[in-house]
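Peer 1: test case, fold it:
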Amino acid sequence: MGLLERESFLDAFEEYAEAAARGSGRLVLLSGDAGIGKSALVEAFRERRPELRWLWGACDASFTPRPLGPLFEVASQAGGEFRDLARAAADRTELFARSVAALDRPGETTVLVVEDLHGADDATLDWVSYLGRRLGRIHALVILTYRTSEPLADATLATTLGRLATHGSTRRMLLPPLSARAVAQLVAGRGLDPVHVLRVSGGNPFYVTEIAADPTAPVPPSVADVVRARVLRHSPAARRMLAAAVVVGPPTT
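Peer 2: Purely as a prediction, here's the structure:
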């Protein structure tokens, strides 16, 4: 089964890629909760348009970020002078300028994906800001993904996103949870009550598919692992509050 309730977002990617092909680049801020399907959506677009030139980088949110880690990943894929400068640890200003030149290939549309921007270091945020100011005149589509539910250590990411949003080439995508109808499609034939699954999953595609894959488990292990990891990132006081909320349960009407 393909992605449910995401066709309009794929169509929007098509529109932005066509604009990039004309030399009017686009930057997409693709956001949503963990498990909402950001990576799956981008992968689906790559499967739809494999003939485009794809470059991919990611921010390692689980580790101490390597300065400009995604830029070095992209440079390795792009090759040429951009890769050589990155390997030589060239001046940051020169690297940024070369990254724009590497994206701009008249007659060819480049799609640059940088995942998990919520885990980016300050230098990477400077880089995407630099790209955002220049993207409207090149043949590239840049897709930046980040979690809306991720707690921020400081306001740097919020400031960067606000700055990017002011550019005419920037577009926003916020992926919503699945509807009751989509949840019912995903759990059909599994002996599950779709209303209950929708209530406990919040319509999150990852949670729904994991519940459907193991309908006899009270909580699928993969879901428990994700929730546990997210809870452990909070302070002890916040964890105690979450534990109390579980005991009290949701409000009734």
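Peer 1: ranges for the strands of the stretch 151-253 of the chain?
Peer 2: Residue ranges of the strands in the stretch 151-253 of the chain, as given by DSSP state E, counting those that start in this stretch, are 170-174.
Peer 1: could you pull out the helices for it?
Peer 2: Applying DSSP state H, counting those that start in this stretch to the stretch 151-253 of the chain gives helices spanning 156-165, 180-187, 194-201, 205-213, 221-232, 236-248.
Peer 1: list the contacts of the first one.
Peer 2: If you take CB atoms under 8 Å, 6 or more residues apart in numbering as the criterion, helix 156-165 is touched by 27, 29, 117-118, 120, 122, 125, 128-129, 132, 144, 146, 152, 170, 172. C-beta: built from backbone N, CA, C; applies to glycine.
Peer 1: out of those residues, which sit inside strands?
Peer 2: Mapping the contacts of helix 156-165 onto strands (DSSP state E) picks out L27, L29, L144, Y146, T170, R172.
Peer 1: which residues of the stretch 51-200 of the chain score low on pLDDT?
Peer 2: For the stretch 51-200 of the chain, applying pLDDT under 70 flags the ranges 61-63, 150-154.
Peer 1: can you do 80?
Peer 2: Applying pLDDT under 80 to the stretch 51-200 of the chain flags residues 61-65, 149-155.
Peer 1: could you dump the ones in strands among the contacts of helix 156-165 to TSV with neighbour count and distance to T156?
Peer 2: Converted to TSV, these look like this (neighbours: other CB atoms under 10 Å; distance: CB to CB, whole Å):
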residue	neighbour count	distance to T156
L27	25	18
L29	21	15
L144	25	14
Y146	22	12
T170	19	18
R172	12	19
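Peer 1: can those go into CSV with extra columns for distance to L198?
Peer 2: Output for these, formatted as CSV (distance: CB to CB, whole Å):
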residue, distance to L198
L27, 33
L29, 27
L144, 29
Y146, 25
T170, 33
R172, 26
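Peer 1: not including adjacent chain positions, what is the nearest residue to I138?
Peer 2: Leaving aside its sequence neighbours, I138 sits nearest to D104 (CB to CB, 6 or more residues apart in numbering; 3.8 Å).
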